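got a structure for you, letters missing:
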């Protein structure tokens with residue numbers, strides 16, 4: 001297998017390129033993470049050239065065709081921002097300010113940008129689509145998995161049929177989606193470096209005529225290839241950790257909006273849960289008065305032993 005840097009070396013080593021090929025090269029330099037998921041036709045559209053120009057560009061670099069070139073690009077993206085590179089980037093950004101102040105200011109800025117740029121109509125469309133769905137599927141992989149879990153937890157309090165897709169391997173993923181259809185919706189959460197498994201899940205859902213909602217970072221995100229509704233939130237992957245506070249805020253807004261739309265159902269569910277918690281002593285007020293409850297438990301245990 002070739003080195004992950006061979007692709008870039010090949011591109012930069014090209015001495016003679018047409019105007020169209022230069023456009024492709026420039027696009028790859030700026031958007032390599034997105035380009036890896038695009039077909040030749042879509043890459044051509046993004047770079048402002050024809051599909052045939054993209055294919056000739058790949059062959060000109062020494063690849064048999066576009067599929068082999070795309071495979072090399074995917075390999076490059078997979079290794080581009082490793083942990084060491086993230087630390088180096090972050091260290092440079094944090095030199096002027098302290099870590100706490102820098103991170104909090106950066107996160108606040110991402111929320112501000114998201115609030116100013118998010119498509120309000122798309123947000124309402126996402127809410128309406130979920131309200132009409134028979135079954136809601138949610139998928140998020142790696143650093144996006146906690147976001148998917150958080151969303152699924154609260155959707156379960158609002159709707160009767162919510163499926164949080166487990167993604168340990170591809171075969172299990174499709175087994176869980178085998179019954180998805182046109183009455184259903186899938187919510188895909190993915191940020192750079194984008195997940196191919198998430199993309200394949202959205203493709204599968206789209207092929208089954210299910211509605212597709214994406215929560216991602218850009219209109220050029222590969223997740224939007226199959227999306228009928230896209231919610232864009234600012235993120236920062238050039239860091240030691242993935243900053244996903246803005247996507248989480250968007251998810252919070254979705255949950256609150258859905259709760260307002262189904263307020264009666266949510267209240268009934270929560271009242272039912274409170275009764276269940278009391279009946280089975282799920283919380284038993286332990287967090288309020290631990291010493292008193294511990295004494296009560298000891299007394300009850302002593303009585304049962306007599």
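Looks like it arrived, so ask away. This structure is a prediction, so every number in the text was calculated from the model and none was measured.

residues in contact with the helix or strand where residue 173 lies?
Residue 173 belongs to helix 170-176 when assigned by DSSP states H and E. Contact with helix 170-176 is made by 137, 139, 163, 165, 166, 167, 197, 200, 201, 204, as judged by Cβ atoms under 8 Å, 6 or more residues apart in numbering. Glycine gets a C-beta too; all of them are placed from N, C-alpha and C.

What residues of that helix count as buried?
173, 176 (16 or more other Cβ atoms under 10 Å).

Can you name the next helix or strand after it?
strand 185-189.

Go through the protein and flag its longest helix.
helix 99-117 (DSSP state H).

related to what we said a few turns ago, which single one of the contacts of helix 170-176 is nearest to residue 113?
Taking Cβ to Cβ as the measure, residue 113 sits nearest to residue 139 out of the contacts of helix 170-176, at 25.2 Å.

what does the model give the closest residue to the closest one other than its chain neighbours for pLDDT?
The shortest distance from residue 139 to any non-neighbouring residue, by Cβ to Cβ, 6 or more residues apart in numbering, is to residue 165 (4.4 Å). For residue 165, the model assigns a pLDDT of 94.

returning to that earlier point: show me what secondary structure element comes after the longest helix of the chain.
helix 120-132.

Please enumerate residues in contact with the helix or strand just after that following helix?
Sequence order places strand 136-140 as the next helix or strand after helix 120-132, per DSSP H and E. Outside of strand 136-140, the residues within contact range by Cβ under 8 Å, 6+ apart are 130, 146-149, 151-152, 155, 159, 161-165, 167, 173, 176-177, 180, 184-190, 198, 201-202, 205, 210.

Narrow these to those that are buried.
Taking 16+ other Cβ under 10 Å as the criterion, what is buried in the contacts of strand 136-140 is 130, 147-148, 151-152, 155, 159, 162-165, 167, 173, 176-177, 180, 184-190, 198, 201-202, 205, 210.

Check which helices and strands the longest helix of the chain is in contact with.
Helices and strands touching helix 99-117, by 3 or more Cβ pairs under 8 Å, 6 or more residues apart in numbering; DSSP states H and E, are helix 245-261.

Give me the contact list for the helix it packs on.
Here helix 245-261 has contacts from 107, 110-111, 113-114, 118, 123, 126-127, 130-131, 144, 147, 150-151, 154-155, 158, 189, 191, 215, 231, 233-235, 266, using Cβ under 8 Å, 6+ apart.

Repeat the analysis, applying 7 Å as the threshold.
Defining contact as Cβ atoms under 7 Å, 6 or more residues apart in numbering, one finds that helix 245-261 is touched by 107, 110-111, 114, 118, 126-127, 130-131, 147, 150-151, 154, 158, 189, 215, 231, 233-235, 266.

do the same with stretch 262-282
Residues from elsewhere that reach stretch 262-282 (Cβ under 7 Å, 6+ apart): 157, 158, 259, 283.

got the contact list for residue 60?
residue 14.

for residue 61, that is, sorry about that
Counting by Cβ under 7 Å, 6+ apart, residue 61 has contacts 10, 11, 69.
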